[in-house]
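>>> Build the 3D model from these lines:
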Amino acid sequence: MVSQRIKHVSIIMDGNGRWANERNMPRSYGHRKGIDAVKKIINACLVRQISMLTLFAFSSENWIRPSKEITLLMSLFRESILNNMSNLHNNNIKVKFIGDMSKFDRNLIKHISDLEHLTHNNDGLELYFAVNYGGKWDIVNAINNHLKNVKLSTKKILEEDIEKNLTFYNNHPDLLIRTAGEQRLSNFMLWQHAYTELYFTDCLWPDFNENEFDEAIKFFYNKTRKFGGLQSIGKIEKNDK
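Numbering: from 1, shown residues only. Coordinates of the predicted model:
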């Protein structure tokens, strides 16, 4: 039987803008409240002994949003890093940012680097923020990284060649949560979510709390994970999809 213990949770944090609009508040208010939800879920993972948490904070497609909102989001990134750096470190959390950092300004890149360096040797929760990240970019980037490290030949590229060059190597999420009612991956870790259990909720991200998180966990534990196999007594028979 395949183990059902949750090790890695990924979350598409959607609904900040709608949450603010429902309250006749600016979108910036929703984004700030969304940060509060992030803190709650990080703490929930610590209490529930979940090993890895990956949060989709800013996609490679989000640059098409109005420039005023982009400026606000970049400011919130910097502010959040500075305000929470010590707390993350004191809670033994290892923080890593994944995505193409080249489009961010030097100041933000420095803050990202400082936080990663500070928490590098921590061995508690592994917390990943996907920023300027896209699943297609991840796969293309993995192929290009592989080609840099091999001699040109007629040898075919194997699945493991791509896998070991992805932002996550052999650490695919067990459970993906998406808030705010949408039911799509939105170019988030397309390769890594191949056999992830998908949980969708209408709850807007600023309202997502420990109780909502537990509902997602309950959903996961009610699933039987077959990974393309046929569930049998104590084993997996790889002849059914």
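>>> Show me where the protein has its strands.
For the chain, the strands defined by DSSP state E cover 8-12, 52-59, 94-98, 126-133, 175-178, 197-200, 230-232, 235-237.
>>> now the third one against strand 126-133, angle please.
Going by axes from the mean of the first three to the mean of the last three Cα atoms, to 10 degrees, strand 94-98 is angled at 20 degrees with respect to strand 126-133.
>>> packing partners for strand 94-98?
Applying 3 or more Cβ pairs under 8 Å, 6 or more residues apart in numbering; DSSP states H and E, we find strand 94-98 packed against helix 106-119, strand 126-133. No exception for glycine: its C-beta is placed from N, CA and C like everyone else's.
>>> got the CA coordinates for it in PDB?
Output of strand 94-98 as PDB, limited to C-alpha atoms (Å, rounded to 0.1, in the frame of the first residue of the first chain):
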ATOM      1  CA  LYS A  94      14.600  27.000   5.500                       C
ATOM      2  CA  VAL A  95      13.400  29.400   2.900                       C
ATOM      3  CA  LYS A  96      14.100  29.100  -0.800                       C
ATOM      4  CA  PHE A  97      12.800  31.200  -3.800                       C
ATOM      5  CA  ILE A  98      12.200  29.400  -7.100                       C
END
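>>> For the remainder of this discussion, apply numbering that starts at 209.
All right, first residue 209 from here; so that's strand 302-306.
>>> can you give me the angle that strand makes with helix 314-327?
Going by the same axes, to 10 degrees, strand 302-306 makes 140 degrees with helix 314-327.
>>> ok so, going back, distance to residue 298 added to the helices and strands packed on strand 302-306, as TSV?
Formatted as TSV, the helices and strands packed on strand 302-306 follow (distance: least, Cβ to Cβ, whole Å):
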stretch	distance to residue 298
helix 314-327	10
strand 334-341	13
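>>> Let me know which of the ones you listed is the nearest to residue 294.
Closest of these to residue 294 is helix 314-327, at 8.7 Å (criterion: Cβ to Cβ).
>>> quick one: the closest one to chain centroid distance?
Distance of helix 314-327 from the chain centroid (Cα atoms, centre = their mean, to the nearest Å) equals 18 Å.
>>> what mean pLDDT does that helix have?
Averaging pLDDT along helix 314-327 yields 97.
>>> got it, and stretch 255-265?
97.
>>> which residues sit against the longest helix anywhere in the chain?
Ranked by residue count, the top helix of the chain under DSSP state H comes out as helix 275-298. Identification of contacts with helix 275-298 by Cβ atoms under 8 Å, 6 or more residues apart in numbering yields 235-236, 239-240, 243, 247, 265-266, 270-271, 303, 312-313, 315-316, 319-320, 322-323, 326-327, 330, 335, 339.
>>> Give me the buried subset of the residues you listed.
235-236, 239-240, 243, 265-266, 270, 303, 312, 316, 319-320, 323, 327, 330, 335, 339 (16 or more other Cβ atoms under 10 Å).
>>> what are the phi and psi values for residue 416?
Backbone geometry at residue 416, expressed as degrees, to the nearest 10, gives phi -70, psi 120.
>>> need the contact list for residue 349.
Applying Cβ under 8 Å, 6+ apart, the residues near residue 349 are 308, 373.
>>> Thank you kindly, that will do.
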